[in-house]
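A.B. asks: The sequence and its predicted three-dimensional model are supplied below.
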Amino acid sequence: MPPMREIPLEEVGMHNKEGDLWVVIDAKVYDLSRFVHLHPGGPDVLYAASVAGKDATDTFFALHRHEVLLRPQYARLQIGTIRGREEQIKPPEPGALSEVPYAEPTWLTSGFHSAYYTENHRRFHHTVRAFFMKEVYPEASRCEESGKRISQELVDKLGALNFLAMRLGPGKHLKGLTLMGGIVKAEEFDYFHELILNTELARFGTRGFVDGLLNGGVIALPPILNYGTPELQAQYVPDILAGQRYIALAITEAFAGSDVAGVQTTAVREGDDWIVTGTKKWITNGTFSDYFTTLCQTDSGPTVLLIRRSSAVSTKPVKTSYSATAGTAYVTFSGTRVPISHTLGGVGQGLRVILSNFNHERWMVVGTSLGAQRLVVEECLKWTNQRIAFGKPLNSQAVIRARLASMIERVEACQSWVENITYQMNHMSYAEQSDKLAGPIALLKQFVSRSGRETAEDATQIFGGRGITMGGMGRIIENFHRTSPFDAILAGAEDVLGDLGVRQAMRKMPKNARL
Ligand code: HEM
């Protein structure tokens, strides 16, 4: 691009009419002469006396997100800069931290300290945020809107970083892999690294894509890694981790959701095979999965099987209130033949396999909800600072500040509890996690998803009409308001989880406990 011409403000003022229209936004001069008729807000607003040929910075930022100016088709409308002035509102550097109070957790806030995170976590975080914003975010936005699944090109890029392997948490599946380009060694990688991945990917503000981003693998692979034979693991895991094949977890049915023991899909032995018949519903990534980690009923009780897609397996999309990019499916097994070697965790052991798997899944949902809630807090702090209503910034109203206070308190409480649980996970074996953390993680998830929905409500009141409008200024709030109920349902409904947490505590009550 040739260097931009420096233009005196007075010269801009002469271009203020139809066919010859310039405006100044943040020291940059835009020629809107031809764009006026394409402008989504219409031409008339641009011909207003306070806009045409004038510095319209405040007006522009009251109506548009900064990202509008960064889109290539609009960036090229710029013809120069105002002499003697500098751009003030700059796009964030890749990986940069926000300086808005509470927009980052304390461990990423200058001058604050943390007992949990190391220098390696910080470097990892910086690299992840930069990569996500540059490589993943543009596709996340596109797919959230179009409903298309993640592209193989992006999956390949993620595969090269061993993204899915990292999202399964620490463990022997990481051995020998180069993680995030070598930023963290396999033996150093812990649940805080994984928490960073989960919170960062929620910052796209695209809840459907978050699940489309190979979440099927995150929840369907652990039963193979924990209960599959070495042969089975060698046959399936590497291709899935590399993004060459896709997998989904198939538990829920129209017949049974939180009541997993009530599933009606059956597996009947015939020689060395199981014959599987039944349906599964709300299966994340199911529309494009090659394999299904599936809970079935057998004569000897619930059993988990690894099922390959074949002509006896069909999938169709389930239209939910978030984007079809998640690949949510209705799956039908029509007498599907499955070798008995594909049994995970023993016949009749299905509930043990599935219930232990739930802890990690619930903790993952908690992490993505937390990341999204923090983003919503940042959006609200910025909006209430720049939006003028009744002649004053929104944040000069006590009712608005009261809502902001509640949102900040909730996200900070969620953060502290999540970090505490994550620390426990780092110091417990898988078996200890199953025994000790099922209750606390269930309670944590109930608390975090409920906080999320309260925050969605507060944010929508703050953003008004924009909070219920897809695209534009309030797009992140609208997406969160529409999709935060997913966090309250997926991996166990909120109410059921609260009850589970208390029942776990009751089981562990000392026999001699008395007041
Ligand atoms: C470089 C200059 C501009 C570009 C590229 C631009 C682009 C856009 C775009 C893409 C939208 C759709 C909503 C969104 O994505 O946020 C929009 C909406 C709008 N624009 Fe602009 N715009 C420009 C300047 C202005 C100015 C100076 C005004 C001054 C009044 C203005 C007034 C509006 C209005 C009223 C809407 C509708 C807002 C809404 O529905 O909430 N635009 N503009």
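C.D. replies: Okay, I see it. Numbering: from 1, shown residues only.

A.B. asks: Not counting its neighbours along the chain, what's nearest Ala312?
C.D. replies: Thr336 (4.2 Å; Cβ to Cβ, 6 or more residues apart in numbering). (Each C-beta comes from the backbone N, C-alpha and C, glycine too.)

A.B. asks: That neighbour: neighbour count?
C.D. replies: Neighbour count of Thr336, defined by other Cβ atoms under 10 Å: 25.

A.B. asks: Could you give the separation of the one helix or strand Cys296 maps to from the chain centroid?
C.D. replies: For Cys296, the host element (DSSP states H and E) is strand 291-298. Relative to the centre of its chain, strand 291-298 is centred 26 Å away, using Cα atoms, centre = their mean, to the nearest Å.

A.B. asks: The residue in the stretch 1-150 of the chain positioned nearest to the ligand: what secondary structure?
C.D. replies: Closest to the ligand within the stretch 1-150 of the chain is Gly41: 2.4 Å, counting by Cβ to the nearest ligand atom. Assigned by DSSP: H, G, I helix; E, B strand; the rest coil, the conformation of Gly41 is coil.

A.B. asks: For it, give me the pLDDT.
C.D. replies: Predicted confidence (pLDDT) for Gly41: 95.

A.B. asks: Help me confirm that it comes into contact with Leu63.
C.D. replies: Yes: Gly41 lies in contact with Leu63 (Cβ atoms under 8 Å); the separation is 6.9 Å.

A.B. asks: can you give me the angle the longest helix anywhere in the chain makes with strand 291-298?
C.D. replies: Counting by DSSP state H, the longest helix found in the chain is helix 350-386. Between helix 350-386 and strand 291-298, the angle comes out at 130 degrees (axes from the mean of the first three to the mean of the last three Cα atoms, to 10 degrees).

A.B. asks: Going by neighbour count, which residues in helix 350-386 are buried?
C.D. replies: With burial defined by 16 or more other Cβ atoms under 10 Å, the residues of helix 350-386 counted as buried are 350-351, 353-354, 356-384.

A.B. asks: Whichever residue of the stretch 201-350 of the chain sits closest to the ligand and Val418: what is the separation?
C.D. replies: Distance from the ligand to each residue of the stretch 201-350 of the chain (Cβ to the nearest ligand atom) is smallest for Gly205, at 14.0 Å. In this view, Gly205 and Val418 are 19 Å apart by Cβ to Cβ, to the nearest Å.

A.B. asks: got it, and Met364?
C.D. replies: Met364 is 11 Å from Val418, by Cβ to Cβ.

A.B. asks: okay but Gly335 is in contact with Trp274, surely?
C.D. replies: No: at 10.5 Å, Gly335 does not count as touching Trp274 under the criterion of Cβ under 8 Å.

A.B. asks: the more surrounded of these two?
C.D. replies: More neighbours surround Trp274 than the other of Gly335 and Trp274, with 24 against 10 (other Cβ under 10 Å).

A.B. asks: just checking, the more buried one touches Leu305?
C.D. replies: Yes: using Cβ under 8 Å, Trp274 is in contact with Leu305, at 6.0 Å.

A.B. asks: Overlap in contacts, these two.
C.D. replies: Taking Cβ atoms under 8 Å, 6 or more residues apart in numbering as the contact rule, the neighbours common to Trp274 and Leu305 are 267, 296, 338, 342-343.

A.B. asks: export those to TSV and tack on pLDDT, neighbour count and distance to the ligand?
C.D. replies: Shown next, in TSV, are those (pLDDT from 0 to 100; neighbours: other Cβ atoms under 10 Å; distance: Cβ to the nearest ligand atom, whole Å):
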residue	pLDDT	neighbour count	distance to the ligand
Ala267	98	29	51
Cys296	97	25	48
Val338	98	22	49
His342	98	22	49
Thr343	97	24	52
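
A.B. asks: Now stretch 18-33: buried residues?
C.D. replies: 21-33.

A.B. asks: filter these by proximity to the ligand?
C.D. replies: 23, 25, 30, 32 (Cβ under 6 Å from any ligand atom).

A.B. asks: Between which two of these is the distance greatest?
C.D. replies: With Cβ to Cβ as the measure, no two of these lie farther apart than Ile25 and Leu32, at 10.2 Å.

A.B. asks: rewinding a little: CA atoms only: put the strand holding Cys296 into CSV for me.
C.D. replies: Extracted in CSV, the C-alpha atoms of strand 291-298 (Å, rounded to 0.1, in the frame of the first residue of the first chain):
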residue,chain,number,x,y,z
TYR,A,291,-16.7,-43.0,15.1
PHE,A,292,-19.1,-43.0,18.1
THR,A,293,-18.3,-43.9,21.7
THR,A,294,-21.7,-45.3,22.5
LEU,A,295,-23.6,-46.3,25.6
CYS,A,296,-25.8,-49.4,25.0
GLN,A,297,-27.9,-51.7,27.1
THR,A,298,-26.9,-55.4,27.1
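
A.B. asks: just checking, what packs against that strand?
C.D. replies: With contacts taken as 3 or more Cβ pairs under 8 Å, 6 or more residues apart in numbering; DSSP states H and E, strand 291-298 sits against helix 215-220, strand 247-250, strand 266-270, strand 273-283, strand 301-308, helix 350-386.

A.B. asks: And the ligand, is whichever helix or strand comes after the last one touching that?
C.D. replies: What that stands for is helix 350-386. Next helix or strand after helix 350-386 toward the C-terminus (DSSP H and E): strand 388-389. No: for strand 388-389, no contact with the ligand is found by Cβ under 6 Å from any ligand atom; the gap never falls below 13.8 Å.

A.B. asks: I'd like the next helix or strand past strand 388-389.
C.D. replies: Immediately after strand 388-389, counting by DSSP H and E, sits strand 392-393.

A.B. asks: For that next one, name the packing helices and strands.
C.D. replies: Using 3+ Cβ pairs under 8 Å, 6+ apart, strand 392-393 is in contact with helix 350-386.

A.B. asks: Contact residues of the stretch 51-200 of the chain facing the ligand?
C.D. replies: Residues of the stretch 51-200 of the chain lying near the ligand (Cβ under 6 Å from any ligand atom): 51, 56, 59-60, 63-65, 68, 74, 77.

A.B. asks: Most neighbours among the residues you listed, which one?
C.D. replies: Counting by other Cβ under 10 Å, top hit in those: Ala56 with 22 neighbours.

A.B. asks: what helix or strand does the spatially closest residue to it that is not a sequence neighbour sit in?
C.D. replies: Leaving out its chain neighbours, the residue that sits closest to Ala56 by Cβ to Cβ, 6+ apart is Val23, at 4.7 Å. Per DSSP H and E: Val23 is located in strand 20-25.

A.B. asks: helices or strands up against that strand?
C.D. replies: Looks like strand 20-25 contacts helix 9-13, strand 28-31, helix 44-47, helix 57-63 (3+ Cβ pairs under 8 Å, 6+ apart).

A.B. asks: Now for this structure, the helix or strand with the poorest mean pLDDT.
C.D. replies: Sorting the helices and strands of the chain by mean pLDDT, DSSP states H and E puts helix 430-432 at the bottom, at a mean of 89.

A.B. asks: residues of it that come out buried?
C.D. replies: Tyr430.

A.B. asks: same deal with stretch 227-236?
C.D. replies: So stretch 227-236, judged by 16+ other Cβ under 10 Å, has buried residues 227-228, 232-233, 236.

A.B. asks: Format those as JSON lines; extra columns: pLDDT, distance to Met166 and secondary structure.
C.D. replies: Listed next are the buried residues of stretch 227-236 as JSON lines, based on pLDDT from 0 to 100; distance: Cβ to Cβ, whole Å; DSSP: H, G, I helix; E, B strand; the rest coil:
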{"residue": "Tyr227", "pLDDT": "94", "distance to Met166": "21", "secondary structure": "helix"}
{"residue": "Gly228", "pLDDT": "95", "distance to Met166": "20", "secondary structure": "coil"}
{"residue": "Leu232", "pLDDT": "96", "distance to Met166": "22", "secondary structure": "helix"}
{"residue": "Gln233", "pLDDT": "96", "distance to Met166": "18", "secondary structure": "helix"}
{"residue": "Tyr236", "pLDDT": "97", "distance to Met166": "18", "secondary structure": "helix"}
